[in-house]
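>>> Sequence plus the predicted model coming up.
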Amino acid sequence: MPGMQFEYDEEGGTFFYFLFSLWGLVLIPTTYYFWPRKPVDDEKDKKRRECNCDPCVIKRHQLKSSTKWARMKEKILKIVFIIAWIIFALLAYKVSQIHIEYQEYDPYGELGLDVGATKEQIKKAYKQLSLKYHPDKATGDHKKFMKIAKAYTALTNEETRKIWEESGDPDGPGVTRFGIALPKWIVEKQNSMWVLLVYGLLFMVLLPVVVGVWWYRSIKFSKDQVLLDTTRLYYYFFQKNPNMILKRVIMVLAGSFEFDKFHNAEIVERPSDNEEVPMLIKHLPNLDEKNKEKPLCYPYSVKARALLHAHFQRLDLPPDTLAIDQEYIVKKCPYLVNEMINVIAQLVAGAHRNAVQYMPRLETIENCMKVSQMLIQAVDVRTSPLLQLPHLTQDMLKHFTTKKRHIQKIRDLIGMKEEDRRSLLRHLTMDEYRDIINVCASLPYVTMEVHSTVLDDEDTSITAGSIVTVEVSLKRQMMEVLFDKEELSHVDEDQDNLAIANEDNESNKDQQENETEENADTNQKAPVWQKPKKQPKKKGGNQKNKKAKQAYNWKAAATTQEKKESSKQDTEKQGNEVAVKDEEEREDKDDVSERGAETDEETNASDGEDQREDRLESSSGRHEEDEEQWKKYQEEAKKEQQLDTKVKESHPVHCPYYGEEKQEGWWLYVSDKKNHMLITAPVQILTLKDEEELTLKFSAPHKPGLYSYTVCLRSDCYVDFDQSKNIRLDVKEAKVIEDHPQWDIPDDEDDKDKDEDTDSDYSTDFDESDED
């Protein structure tokens, strides 16, 4: 547009509007999401349930000391938010004080006259003001004199007056002011060099450096924040040793590059390691520190291996050196074990595609899962699962297996009567006994139901090569369900005193029994609790299988009853239709004798109507079946996506020797125990709070026959809480489809297609006339 000019807002009012809106857009959602909040928990119930054993007290003290900096961060964050809101309030006040008004040009006001003054009054006022504000005078003002001259010209010159009346400005509509959302000093000429320097430093130096550092660090890690070099190390060793024992798994785990200072800057190498590590190795038999495989023979690997075995045996370490290193290594190991399991699952899948030469055996992946349990609970393979409970020691376990009682598992201890259990733990105080009961009550009690099907519209039987869908429903409860309410009344103080009095009366008899038990235990080479492990497992397994069969048969019976009822209804409908047709045929025969040929036409019409009705009924039935199948498909899709959308939170784990708070986790997979094969990749479940439903899919064997598989549920934090359910598959031969109705094409249609092909698309009536 000619005569158009752009000018900056010299007052800078627009910048405050922009700053106020931008500050509010950032501050409001940031405060909502990042304002420190206290967890909504029942503090009284939490304190009542807390374990007060020495390791738990030390762990809580360490967590509180580590959370001091976190609390300091919360205070600093609150102060920052308060300051930000104060700035926001000041900006709001500043914006409210800015008045942007459009002022029209008034030449009468410049001369100090009223609107409609005469020419003589205008000339008189101009002379008086020009004598006062002329630049040559002592009281002169150049800017004021220019305004007076402009107003006198606008009122006396006819052309200028006309322009002023039309556009509101004697100079015409040539100048337009635009305000920009920047402070005034940024656009000033003397600051342009500094602004350009800051711009170049920010976008051409700082931003590329930050992106480069982030990219260089991110390419070293996988999506689970595990070093890619460590993942390659796992691939190498699991391909080299498909059947890896537990001791070998710990060696490979200790060889992870996360524990090497060259790959991880957080690792600290101390001069005292040269003395303390060899002393620790002397107390750890079968460490295999003389292994010459790389990197298992490197010093960092030997040190990590020694610290892991010391953790499993709960050995005391120097608190300022090795204990700190051990805590760091143990915290890293669960993520590394999960990466091991993923690597083994990928190698098994590659072996099925003939991409890997040797398939890892089932025992290898189960040993990795055992290592995870050992890490969280700080127990060895040969130790009793009862050591997961507080205040229990190895010496106390000698009294758990006698001629009268046989306690090897936590469930065996829970299954005892209150009097027998308290007498067995009579050496403990009432507070220590209460800690054991509270921990037992908070342990998981999971029930698993398994059902295998084949999702097919036509045939649901399992055929060779078909996709088998295993539906697993998990229900998680507290172990306190196994306690009787009357037995839990020991928490009251009055009953505690009565129980202690009764125990004192029976203490003499128990001491005599214990002396005889100790003499019998000393004659044995191995601890008594290690030998009879098979009997309670068989009992527990039979009970679980019975419950699962009852639930499964109930469902199967319900489905068969529904099928029978639906088949009965269909047969009744068909019988009614047949009866109606027979009556119509009889009536038609009677009418034939009377009406003759006319009745034939009527019967033909009625038959056509019956056929149409049958077709409509069949089409409506198919439509309903399609809708039901579509609903099932949507439900399955929701189940598959259910775990991804849930928050990864389940239940806290009692793990006093693990340096962090841990949530319960589970692995679910299908295996072939007979052939030592992993059938499905393990699914990690981190959201099992109450109930969970999952589906596992795999292809059936290619040969018909009876096959047995095992659905396994393994914990990643508790020992001896694993479950398994057997499923049997009757695999039949796959049906060979020779002819399909869609493939049957009549010969008449082939002839018609040939005749139509002979007619050219470019033939016209003129060609036919020429032939004639």
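Here it is on my side, so go on.

>>> Next one: I28 from L233, what distance?
Distance of I28 to L233, given as C-beta to C-beta, to the nearest Å: 48 Å. Where you see a C-beta, it was placed from the backbone N, CA and C, and this is true even at glycine.

>>> Now do P299: how many residues are near it, please.
Using other C-beta atoms under 10 Å, P299 has 13 neighbouring residues.

>>> meant to ask about P385
18.

>>> nearest residue to it other than its sequence neighbours?
D720 (3.8 Å; C-beta to C-beta, 6 or more residues apart in numbering).

>>> now I407
Closest to I407 by C-beta to C-beta, 6+ apart is F400, at 4.1 Å.

>>> The stretch 401-550 of the chain: strands as residue ranges?
444-453, 467-478 (DSSP state E, counting those that start in this stretch).

>>> now for those, which one comes closest to K417?
strand 444-453 (19.1 Å; C-beta to C-beta).

>>> what's that closest one packed up against?
strand 467-478, helix 534-595, strand 705-715, strand 723-731 (3 or more C-beta pairs under 8 Å, 6 or more residues apart in numbering; DSSP states H and E).

>>> which one of these has the lowest average pLDDT?
Across the helices and strands packed on strand 444-453, helix 534-595 has the smallest mean pLDDT, namely a mean of 42.

>>> State the three-state secondary structure for Y108.
Counting by DSSP: H, G, I helix; E, B strand; the rest coil, the backbone at Y108 sits in helix.

>>> The closest residue to it other than its chain neighbours: neighbour count?
Among residues not flanking Y108 along the chain, V115 sits closest, at 5.2 Å (C-beta to C-beta, 6+ apart). Neighbour count of V115, defined by other C-beta under 10 Å: 8.

>>> repeat for I685
Neighbours around I685, by other C-beta under 10 Å: 21.

>>> swap in L25?
By the criterion of other C-beta under 10 Å, L25 has 10 neighbours.

>>> do N157 as well
13.

>>> and V472, what does it touch?
Contact analysis of V472 by C-beta atoms under 8 Å, 6 or more residues apart in numbering lists M448, E449, V450, L668, E693, L694, T695, L696, V711, L713.

>>> which residues does it bridge with?
V450, L694 (DSSP bridges).

>>> Please report how far it lies from V450.
According to C-beta to C-beta, V472 and V450 sit 5 Å apart.

>>> Quick check: which ranges of this protein have low pLDDT?
The chain contains residues with pLDDT under 70 at 1-13, 38-49, 66-68, 99-104, 172-184, 456-459, 484-647, 736-772.

>>> Which residue ranges of it form strands?
For the chain, the strands defined by DSSP state E cover 5-7, 175-177, 444-453, 467-478, 666-672, 677-678, 683-685, 691-699, 705-715, 723-731.

>>> Counting by contacts, list what the fifth one packs against.
In terms of contacts (3+ C-beta pairs under 8 Å, 6+ apart), strand 666-672 is packed against helix 362-377, strand 467-478, strand 677-678, strand 683-685, strand 691-699, strand 705-715.

>>> To E159, which of those lies closest?
Distance to E159, taken as C-beta to C-beta, is lowest for strand 683-685 among these, at 86.9 Å.

>>> Just checking: what are the partner strands of that closest one?
Taking DSSP bridges as the criterion, strand 683-685 sits next to strand 666-672 (antiparallel) in its sheet.

>>> Can you tell me what sits against the strand it pairs with?
Under C-beta under 8 Å, 6+ apart, the answer for strand 666-672 is 341, 362, 369, 446, 470, 472, 474, 677-685, 688, 694, 696, 698, 707, 709-716.

>>> Hmm, V481 is touching T447, no?
No: using C-beta atoms under 8 Å, V481 is not in contact with T447; the gap is 10.2 Å.

>>> Now render the contacts of V472 as TSV, adding distance to K725.
Formatted as TSV, those follow (distance: C-beta to C-beta, whole Å):
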residue	distance to K725
M448	6
E449	8
V450	5
L668	11
E693	15
L694	13
T695	15
L696	12
V711	5
L713	8
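
>>> What remains of those residues if I keep only buried residues?
M448, E449, V450, L668, L694, L696, V711, L713 (16 or more other C-beta atoms under 10 Å).

>>> Take those and write them to CSV, including distance to E289.
Shown next, in CSV, are these (distance: C-beta to C-beta, whole Å):
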residue, distance to E289
M448, 42
E449, 47
V450, 44
L668, 37
L694, 42
L696, 41
V711, 40
L713, 36
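
>>> With respect to D141, which of these is nearest?
Nearest member of the buried ones among the contacts of V472 to D141, counting by C-beta to C-beta, is L694, at 87.4 Å.

>>> so that closest one makes contact with L474?
Yes: between L694 and L474 there is a contact under C-beta under 8 Å: 7.4 Å.

>>> Now for these two: what residues contact both?
With C-beta under 8 Å, 6+ apart, L694 and L474 have common neighbours L668, I685.

>>> on that earlier part again, who has more neighbours, V481 and T447?
Using other C-beta under 10 Å, the more surrounded residue of V481 and T447 is T447, with 15 against 9.

>>> quick one: the more buried one from K290, how far?
Distance from T447 to K290, by C-beta to C-beta: 48 Å.

>>> Please apply the same query to K475.
Taking C-beta to C-beta, one finds K475 at 50 Å from K290.

>>> quick one, which of the two is more surrounded?
Neighbour count, other C-beta under 10 Å: between K475 and K290, K475 has more, with 14 against 7.

>>> burial of L678, as a residue count?
Residues near L678, counting by other C-beta under 10 Å: 25.

>>> again, but for Y133
Y133 has 19 nearby residues by other C-beta under 10 Å.

>>> Please verify my assumption that it contacts A149.
No: the criterion here is C-beta under 8 Å, and Y133 misses it with A149 at 9.7 Å.

>>> thinking again about what came up before, okay if I get the helices and strands packed on strand 666-672 as TSV plus distance to Y658?
Converted to TSV, those look like this (distance: least, C-beta to C-beta, whole Å):
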stretch	distance to Y658
helix 362-377	5
strand 467-478	21
strand 677-678	27
strand 683-685	18
strand 691-699	24
strand 705-715	14
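
>>> Out of those, which one sits most buried?
Scoring the helices and strands packed on strand 666-672 by mean neighbour count under mean count of other C-beta atoms under 10 Å gives helix 362-377 as the most buried, with a mean of 23.

>>> which helices and strands does that helix pack with?
Helices and strands touching helix 362-377, by 3+ C-beta pairs under 8 Å, 6+ apart, are helix 246-254, helix 299-312, helix 322-352, strand 666-672, strand 677-678, strand 705-715.

>>> wait, which of these is closest to K417?
Evaluated over the helices and strands packed on helix 362-377, closeness to K417 peaks at strand 705-715, with 27.4 Å, by C-beta to C-beta.
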